[in-house]
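Visitor: any chance you could fold what I've pasted below:
(chains A and B)
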Amino acid sequence: MEEVRRIQNKSTFRAYLPAILALVGAFLMLFLRIEIGAKFISDAALMMIALACYIFAALFQLTNLYAPSEMAQKIGLWTATLGVFFNLSSWLVRWVGAFDREIAMMRESGNMATPWFFRYIPFANLYDLSLAFAFGAGITTLLLANRQKFQFLSAFTLPLAALILTLARFIGPEFIDLPPVLDSYWRPIHVGVASLSYGVALVCFAVAVIYLLKDKVKVEAMAIWSSIFTLAVIGTVSKFSVFTEFVYRAGLFLPSSPKPFSSPFRLEIPYVGAMLVISGVLLLGVIVSFLIYLYQNNESAKKIGHILLKISLATQILAIAFLVSGIKSTTDIPAKLQTQIANNQSQLIIAGKELASKQGLSAQEFSALTPMQFEQAAKQFLQSNGDKLFLSLNTNPVELAGLITALAGTFFVILFGFKTETLRERLPSLESLDGLMYKTASLAFAGLAMLLITGAIWANESWGRPWGFDSKETGALIAWLTYAAFLHTRISRGWSGRSSAYFAIVGFLLVIFTYLGVSYLLPGLHSYA
Amino acid sequence: MSATEETIKAIAANKTRTKSTPVLNRILDFLSSVRFGVVLLCLLVVLAMIGMLIIQQNVNGFDAYFASLTPAEKFVYGSLELFDIYHSWYFNFLLLVLSLNIVLASIDRFPSAWSYVKNPKLNATHNFLLKQKQNTVIEIESADEKQAAEKVSRIFAANGFKSQITKSNNSFYKIDENGEKDFSKIETKSNLIVYGERGKWNRLGAYIVHVALLTLFLGHFVALQTGFDADVRMMPGQVTNEIQMIQFKLDKQERYKVALPFTIYCTDIEQDLIDPKGSINIQNTIDWHTRIKIDDPQYGETNADVSLNRPFTYRGYRFFQASAITLGSARNMVLELTPQTGGQSFTVDLVRNGSVNLPDGTKVDYEAFFPDFTFNQEGKPDTKSAEYNNPAAVLNVTSPNGDKNKVFAFAASLSDKIPVGAPKAGYKWRLKSFEKSPLAHVLSIKYDPYNAAFIAWYIGGFGLIGALCFVFFLSHKRIWAMIEERGENKFEVVLGGDANRNQPGFEDKFNKISDALTNEKSVAQN
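Guide: Numbers count the residues shown, from 1 in each chain, chains lettered A, B, ... in the order given. This next block holds a predicted model:
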């Protein structure tokens, strides 16, 4: 009996070994960083290695799904482990980096005080949160991989984690000066819970999509939804200019310390707008073709839809390639900007309004300003800063990450359309997937509840009000309520399986909206992250 | 399956109301239904989304947003209370109905959940066991039925299950010679059943969640109804027994004076800077401290340090460090004095609002500090800006002979020929160094006489977290074993079980028990 138990204990330990190794290894890296100092590998480099590992792990697991191979599965699992290890290492090394940076600044100015170490925990901006979010998704995937039948999950969750790290790459790893209100012991608790529960929600989302695939939801229906998402992305980037003016303009930066300052001007990048418009038109064709196929069972429409989808993947790749190369290679920015403005004077007024909105004017003062004054302010800005403006991949992180996410969505739908039945057979049973979806949704629900409560208590300590319906608070509440509805519909209507999967997808989209949309689109107390 | 899932299914059969069911019962059924609760949750989501997309009147930037709306938009949004949706009557009504739904649903379903705790199902039939998600039939050897049951019970206990052995009488139709059921004859057979369970209290987890949620709602509601928000500006030396209550009315903030039952005296304000030579802006700040003394006719004197993230609570009033008036000032300063008659210069320390006596008996009193010194149109000392461009301290100096002088001590070295730079009261004065601090701090005050916010968020909130962990990280696992004799010293164990959550975890446990029983057999054989 004892022997049996020992063997079982050993196998449990073995099942969790990848997760344990990733965690222990990352803390060893932290120790090395403290010992070696600033010469140690940077957190940004570690993040890039984690990103590469996530992509490789996903590729091996995908290969294993289509052509089962124990070696591919093992490589996939251990590359995922490496990804989580580098991801956490990057975050921990960043912690020490932030400490060293501020202490150096203080010593230089003669300040010999040493603030507490938790002041530097990397939960200060969206870059830090993205690192932790991707880690949350990675570690959840590794923990679930303790059951061999769920090891395939990394094929779907790690590309999403990789997208989050890509976003982090575009946001940039520069440290920020911590707003004093964030210097609280509640920050690691609140934001730590947020990133882990976001990670679990991501895994729940991936399981929901896999469930739908297994449940024989037609790939064409998925293609319609992914195309709508891509159209929405294309329609909103570059301040809606793609579909209205057929051009894509990238934001321009102004050098500033510690982070470049985002200027109110955008510069047109050649061919990107055209490629995005073509992608949009093709995706419209995809939607129409697949709708005809779904409602009239028209096989020709299905074929056309698939062809259009594949062409749109190519045009999306081209658009991103033109965008990246355009940003990297554009020179003589002031002259190009002047020519662009000469052709479209309204850009001056838009830029002037943006400049005025950052001046802290009252509503009355703002409304008293005339278009001429806006134009004048923009011209003045250009006169004094025009020659310093530069393009960078970090200028519009959410836009670029959005375009890459849309591309990944299109890619996955095309992939699902390839040997769909073989793929379905390889996936675990619907019952196991439903169980896993319920489990992860429950965890996400409990995690989001912790997020809300710890946030409220922190707000009560900092601002004297636990709940103020700030946009990020409300976003998190909405996501939590959606998961609550998910769990309760299983009780009241017996909604499990496909209905639950739809709920899980909506829940995750709301989590993403809270994570990104609120930070970039809505005003509030959480606009730093 | 969630904690209440099984219970709900069980009672669902009893809930088929006929047309003759009283209207009140039907209304109660509707109000207590989970379906209605889900609809309310969805409505709440929609309203919260509207509130997120339309900037609310208490959010920074509302005035600019409000100014950008057309009169028609202002009218429609205003009429629908969309600018303050979270305080609108319909939002509060929705929360009230949701609370009612939670209470009624809990009352309705609690008895059946309680039955899992109070009256566990100790009996099981062969069919029932084979219908369980996890089931298996194992043959074991034992001297008699009782010993076999005890063996099973030991294995249950070794796996963390609390076990109980009962005798169960099962009635069934007799099988005739043709192998068919003879419905005219009923036979009764008794078997020993071993029942094992763990985590039965998990069945009540959902109710603990509901209680925590209601505590949270109620506490927050009481805090909102009985309390108010206010703020007070604090400058060293300032004494007040009034605070400013704030009320938002669209793009206007209205302030009312509220009298305090005690007096606040500001003794000191301090700003911890990363770079002490840098500016006093937020990017260069580690913390702000406001030191106050409370003089209460009822409870005497109390001293407190209010800093960021460390509020101070006194008689239902919570004081928070909110913001600072960032007009440069000095918390303390070092003055360099050079005797007019010649001799070695020396330094003296002077704190804001403080005074110091020089060795020759001269008394120096602090009067004011200007970060960017100038004389205004009335010829009085003033500042051109909030920045430390030309810092100077204004001092009142009383000579040993009683002569009073107003002295300016500048950080910059000024020529003796300039009036403000010329020696006065026997000394040439210079501001050698100073500790930067803002002119004043603003403390925000939350009045909560019943500590309802604390109860709501600490007790209700942590209760909710604990309850959710209890619900989702634990489960109620049940397992039954029916012992049936199959020959001399041979017994068949029909094993079946289920869990209300975490089926894979239960499956592992079940297999472990099943393996242990199988191994018992092989050990016996050896």
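
Visitor: what is the mean pLDDT for whichever strand or helix holds A:K353?
Guide: Using DSSP states H and E, A:K353 sits within helix A:346-357. On average, the pLDDT along helix A:346-357 is 82.

Visitor: packing partners for it?
Guide: strand A:261-268, helix A:333-343, helix A:371-385 (3 or more CB pairs under 8 Å, 6 or more residues apart in numbering or on different chains; DSSP states H and E). C-beta: built from backbone N, CA, C; applies to glycine.

Visitor: with mean neighbour count, distance to B:V306 and mean pLDDT added, can I get these in CSV?
Guide: Output for those, formatted as CSV (neighbours: other CB atoms under 10 Å in any protein chain shown; distance: least, CB to CB, whole Å; pLDDT from 0 to 100):
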stretch, mean neighbour count, distance to B:V306, mean pLDDT
strand A:261-268, 21, 34, 85
helix A:333-343, 14, 49, 87
helix A:371-385, 16, 40, 86
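
Visitor: now the ones you listed in CSV, with distance to A:K39?
Guide: Shown next, in CSV, are these (distance: least, CB to CB, whole Å):
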stretch, distance to A:K39
strand A:261-268, 30
helix A:333-343, 35
helix A:371-385, 36
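
Visitor: so which of these is nearest A:A250?
Guide: Proximity to A:A250 (CB to CB) singles out strand A:261-268 among the helices and strands packed on helix A:346-357, at 6.0 Å.

Visitor: so which residues of chain B form helices?
Guide: Taking DSSP state H, the helices of chain B run over residues B:5-12, B:23-31, B:34-53, B:62-68, B:71-79, B:89-118, B:126-131, B:145-158, B:205-226, B:452-454, B:461-473, B:503-525.

Visitor: closest point of the stretch 1-150 of chain A to chain B, which residue?
Guide: A:S109 (3.8 Å; CB to the nearest CB).

Visitor: hmm, B:G278 and that residue touching each other?
Guide: Yes. If you go by CB atoms under 8 Å, A:S109 and B:G278 touch, sitting 6.9 Å apart.

Visitor: SS state for the residue nearest the centre of chain A?
Guide: When CA atoms, centre = their mean is applied to chain A, the residue found nearest the centroid is A:I164 (3.4 Å). Under DSSP: H, G, I helix; E, B strand; the rest coil, the three-state class of A:I164 is helix.

Visitor: in space, what's closest to it - neighbours in sequence excluded?
Guide: Spatial nearest neighbour of A:I164, chain neighbours left out: A:A134 (4.4 Å); criterion: CB to CB, 6 or more residues apart in numbering or on different chains.

Visitor: and what of B:F472?
Guide: A:S442 (4.2 Å).

Visitor: tell me the pLDDT at the one you found?
Guide: For A:S442, the model assigns a pLDDT of 91.

Visitor: one more: B:G61?
Guide: Confidence score, pLDDT, at B:G61: 69.

Visitor: swap in A:G468?
Guide: pLDDT at A:G468 comes out at 76.

Visitor: could you do A:L144 as well?
Guide: A:L144 carries a pLDDT value of 91.

Visitor: residues near it, how many?
Guide: Neighbours of A:L144 under the rule other CB atoms under 10 Å in any protein chain shown: 21.

Visitor: now swap in A:A168 and tell me
Guide: 27.

Visitor: likewise A:N298?
Guide: 16.

Visitor: tell me the spacing between it and A:G305.
Guide: Separation of A:N298 from A:G305 (CB to CB, to the nearest Å): 10 Å.

Visitor: pretty sure A:L393 sits in a helix.
Guide: No. The assignment for A:L393 (three-state DSSP) gives coil, which keeps it out of a helix.

Visitor: any low-confidence regions in the stretch 51-200 of chain B?
Guide: Counting by pLDDT under 70, the stretch 51-200 of chain B has low-confidence residues at B:60-61, B:172.

Visitor: right, and the helix or strand after the helix-or-strand element of chain A with minimal mean pLDDT?
Guide: Within chain A, no helix or strand scores below helix A:2-15, which has a mean of 58 by mean pLDDT, DSSP states H and E. Going down the chain from helix A:2-15, the next helix or strand is helix A:17-36, by DSSP H and E.

Visitor: which elements pack onto that following helix?
Guide: Counting by 3+ CB pairs under 8 Å, 6+ apart, helix A:17-36 packs on helix A:70-108, helix A:126-144.

Visitor: buried sites along that helix?
Guide: Neighbour-count burial for helix A:17-36, counted by 16 or more other CB atoms under 10 Å in any protein chain shown, picks out A:P18, A:A19, A:L21, A:A22, A:G25, A:A26, A:M29, A:L30, A:R33.

Visitor: of those, closest to B:L80?
Guide: Nearest member of the buried residues of helix A:17-36 to B:L80, counting by CB to CB, is A:A19, at 50.4 Å.

Visitor: list the contacts for that closest one?
Guide: A:T81, A:V84, A:I139, A:L142, A:L143, A:N146 (CB atoms under 8 Å, 6 or more residues apart in numbering or on different chains).

Visitor: relative to B:N489, how far out is it?
Guide: Counting by CB to CB - A:A19 and B:N489 are separated by 47 Å.

Visitor: contacting residues for the residue lying closest to A:D215 once chain neighbours are set aside?
Guide: In space, and not counting its chain neighbours, A:D215 is closest to A:R498: 5.5 Å by CB to CB, 6+ apart. Contacts for A:R498 (CB under 8 Å, 6+ apart) come out as A:Y211, A:L212, A:D215, A:V217.

Visitor: give me the angle between the host helix or strand of the second one and helix A:70-108.
Guide: When secondary structure is defined by DSSP H and E, A:L212 falls within helix A:186-214. Between the axis of helix A:186-214 and that of helix A:70-108 there is an angle of 160 degrees, by axes from the mean of the first three to the mean of the last three CA atoms, to 10 degrees.

Visitor: list the buried ones in helix A:186-214?
Guide: Buried-residue list, helix A:186-214, by 16+ other CB under 10 Å: A:186-187, A:189-214.

Visitor: please list which of these also come close to chain B.
Guide: A:W186 (CB under 8 Å from any CB of the partner chain).

Visitor: pLDDT below threshold where in the stretch 201-350 of chain A?
Guide: Ranges of the stretch 201-350 of chain A meeting pLDDT under 70: A:257-259.
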